[in-house]
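Trainee: build me a structure from this.
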Amino acid sequence: MQALGVGVVYWPILDPLLREPGSPATVVEIEPQAFWEMSHDDRHGWRYRPNEALLDELAALPQAKLIHGVGHPVGGTVTDPLDHLNLLQDAVTQLAPAWVSEHLSLNRFERPQGGPEPLDQVEHAGFLLPPSQTPATTRVAADNLQRLRSAMDRPMAFETGVNYLRPQAGEMSDGDFFAAVAETSDCGIVLDLHNLWCNACNGRQSVDEVMARLPLERVWEVHLAGGMRHGAYWLDAHNGRIPEPVIELAARWIPKLPALGALMFEILPEHVPTLGLDEVAQELNLLQTMWALRAPRLVHVAQGRPAPPATGHSRPEDRAAVRAWECQLAAALHGEAPADAALARDPGCALLARLIQDFRRANLTRALRFTLTTLLLGLGEDDTEALLQAYARHSPPQPFAALEAEQFAAFVWGHIGHWPHLPHLCEVLAFEHALIRASVHGHSTQLHWSVDPTQVLEALEAGLLPPPLPPVHSVMHIQAT
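Mentor: Prediction:
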């Protein structure tokens, strides 16, 4: 297989850069789950809904394609109760990626007191979390990777993850863990150098020590990104330019990667306007310079579905040990006392809990913008903060913004009698909740407004509570598509 070159992880805001003549990107990496939604109806129950129109557009891009999973990481034991493999298979068929990759992380916990439905028995973590770095996890992850490779019928790789936790007593080093997973699963490696540099900055193994342990011939892809300082930690924020030390690491190690097939830049869409498309193009031009450091050659990756090595099969006791770690981590993130006292004292747990909280609130801000504006303006920051904290204690994270918003809307409805003084809160919440229900459940709604809704929403858009308005009864129809 020929090397693919330099590219970027796809977001629609990057379309002009990818479609312009002479684009510096020769490969685009697509994260299909980032464009899925969850929907529910009486016939099918809960299911994922892909953006098929976007997939058609992506297939038409001139760049070579890669698929990078973000919703079903391979480092844990709790599987998604909803069918997702068929949708990923459809994306693979349509986009024909050279290989598929996933995160060596976990993002689901078992819910011990869950209800009878499969979804009730699983709690979404709200973030990609680090797995335990043990031989048991190595075997569990290898099994997960082998199953995914078999289902996708494509070569499979995993990404070296960011880990904000302190090294745990008795665990494998970062480099030994990544190497063991790669060798046991017979898979490739997506080497995220910014993740490794983050880990080193935050007190884990140095990048050079990690690289010295890796089977470099298994590195098919390198990720580079920007980050930011947050208190004592450096975060993998994907927020802008690549830090100079990461550029230096890439320049030093790229010539030593005999199977490197793609060099990718990552930036989140909300940060693109600040950096600008021209600056993104400059980062890709920088990557082209680094790409030239490797000797031209063919990239050879395993084709088809080779028989998994026998050492990759996890045992029941392996899954039990990994499940115990997941329970301890969940307890630490929930503020409960886990069996592992060192984990409870780890400041990385507090950081992860904060990042989960920030991610959830960002989803609420996107989906319930006018409701949250009304609460902030009417209650003030302190009371709104107390409300959000009470909601977080009451309700687990949801994997999609619409589901998080629907859950929060139900929570606010349960408390709305406490705020009779907030002008038009009921009408604003009913409006945004109806939009969510139309998207998630396919329900149409007829809303009644006591005043002109345009004036209410314009005031909130300007950051103001609506002034006293003349009564004007109107009916609004929210039609499900």
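
Trainee: quick one, domains of this protein?
Mentor: Domain segmentation of the chain under automatic domain parsing yields 5-312, 368-478.

Trainee: format those domains as a markdown table; extra columns: mean pLDDT and distance to residue 342.
Mentor: In this view, the C-beta of every residue, glycine as well, is placed from N, C-alpha and C. Formatted as a markdown table, those follow (pLDDT from 0 to 100; distance: least, Cβ to Cβ, whole Å):
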| stretch | mean pLDDT | distance to residue 342 |
| --- | --- | --- |
| domain 5-312 | 94 | 6 |
| domain 368-478 | 97 | 25 |
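
Trainee: need those domains in JSON lines (columns: mean neighbour count and distance to residue 331).
Mentor: Listed next are those as JSON lines, based on neighbours: other Cβ atoms under 10 Å; distance: least, Cβ to Cβ, whole Å:
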{"stretch": "domain 5-312", "mean neighbour count": "19", "distance to residue 331": "10"}
{"stretch": "domain 368-478", "mean neighbour count": "16", "distance to residue 331": "14"}
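
Trainee: and the spatially most central residue of the chain, what does it touch?
Mentor: By Cα atoms, centre = their mean, the chain has its centre lying nearest to residue 70, at 5.0 Å. Going by Cβ atoms under 8 Å, 6 or more residues apart in numbering, residue 70 touches 31, 33-34, 103, 128.

Trainee: out of those residues, flag the one nearest to residue 196.
Mentor: Nearest to residue 196 out of these is residue 103 (Cβ to Cβ; 14.1 Å).

Trainee: how much space between that closest one and residue 224?
Mentor: 17 Å (Cβ to Cβ, to the nearest Å).

Trainee: residue 54 too?
Mentor: Counting by Cβ to Cβ, the separation of residue 54 from residue 224 is 25 Å.

Trainee: surely residue 109 and residue 330 touch.
Mentor: Yes: at 4.4 Å, residue 109 and residue 330 qualify as touching, with contact defined as Cβ atoms under 8 Å.

Trainee: strands of the stretch 251-400 of the chain, start to end?
Mentor: For the stretch 251-400 of the chain, applying DSSP state E, counting those that start in this stretch gives strands covering 262-266.

Trainee: where along it do the helices fall?
Mentor: For the stretch 251-400 of the chain, helices defined by DSSP state H, counting those that start in this stretch occupy the ranges 272-275, 277-291, 316-333, 341-345, 347-367, 369-379, 381-394.

Trainee: please compute how far stretch 189-200 lies from its chain's middle.
Mentor: 16 Å (Cα atoms, centre = their mean, to the nearest Å).

Trainee: out of the contacts of residue 70, the closest to residue 83 would be?
Mentor: residue 33 (13.0 Å).

Trainee: check contacts around the closest residue in space to the closest one that isn't next to it in sequence.
Mentor: Spatial nearest neighbour of residue 33, excluding adjacent residues (Cβ to Cβ, 6 or more residues apart in numbering): residue 71 at 3.4 Å. Residue 71 makes contact with 33, 36, 80, 84, 107, 399 under the criterion Cβ under 8 Å, 6+ apart.

Trainee: ok, now residue 201?
Mentor: For residue 201, the contact set (Cβ under 8 Å, 6+ apart) comprises 233-234.

Trainee: for residue 166, give me phi and psi.
Mentor: Backbone torsions for residue 166, taken as degrees, to the nearest 10, come to phi -70, psi 150.

Trainee: list the contacts of it.
Mentor: 203-204, 342, 346, 348.

Trainee: helix or strand: which one has the residue lying closest to residue 400 once chain neighbours are set aside?
Mentor: Excluding its sequence neighbours, the residue lying closest to residue 400 (Cβ to Cβ, 6+ apart) is residue 38, at 5.2 Å. Using DSSP states H and E, residue 38 sits in strand 37-41.

Trainee: tell me which strands and helices that strand is in contact with?
Mentor: strand 45-49, helix 401-413, helix 425-440 (3 or more Cβ pairs under 8 Å, 6 or more residues apart in numbering; DSSP states H and E).

Trainee: tell me the strands beside that strand, with direction?
Mentor: Note on strand 37-41: by DSSP bridges, its sheet partners are strand 45-49 (antiparallel).

Trainee: in which helix or strand does residue 464 reside?
Mentor: Using DSSP H and E, residue 464 sits in no helix or strand.

Trainee: that one and residue 378 touch, don't they?
Mentor: No: between residue 464 and residue 378 there is no contact under Cβ under 8 Å: 11.1 Å.

Trainee: what do residue 109 and residue 330 both touch?
Mentor: Overlap of the contact sets of residue 109 and residue 330 (by Cβ under 8 Å, 6+ apart) consists of 123, 125.

Trainee: just say helix, strand or coil for the residue lying closest to residue 323 once chain neighbours are set aside.
Mentor: Excluding its sequence neighbours, the residue lying closest to residue 323 (Cβ to Cβ, 6+ apart) is residue 77, at 5.0 Å. Under the three-state scheme (DSSP: H, G, I helix; E, B strand; the rest coil), residue 77 adopts coil.

Trainee: got the contact list for residue 77?
Mentor: 106, 110, 140, 319, 322-323, 326.

Trainee: nearest to residue 373 among those residues?
Mentor: residue 106 (34.8 Å).

Trainee: beta partners for the closest one?
Mentor: According to DSSP bridges, beta-bridge pairing links residue 106 with residue 129.

Trainee: show me what contacts it?
Mentor: Residues near residue 106 by Cβ under 8 Å, 6+ apart: 73, 75-78, 125, 128-131, 326.

Trainee: just put the residues you listed in TSV and tack on distance to residue 219.
Mentor: Formatted as TSV, the contacts of residue 106 follow (distance: Cβ to Cβ, whole Å):
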residue	distance to residue 219
73	19
75	19
76	24
77	27
78	29
125	28
128	20
129	24
130	20
131	20
326	28
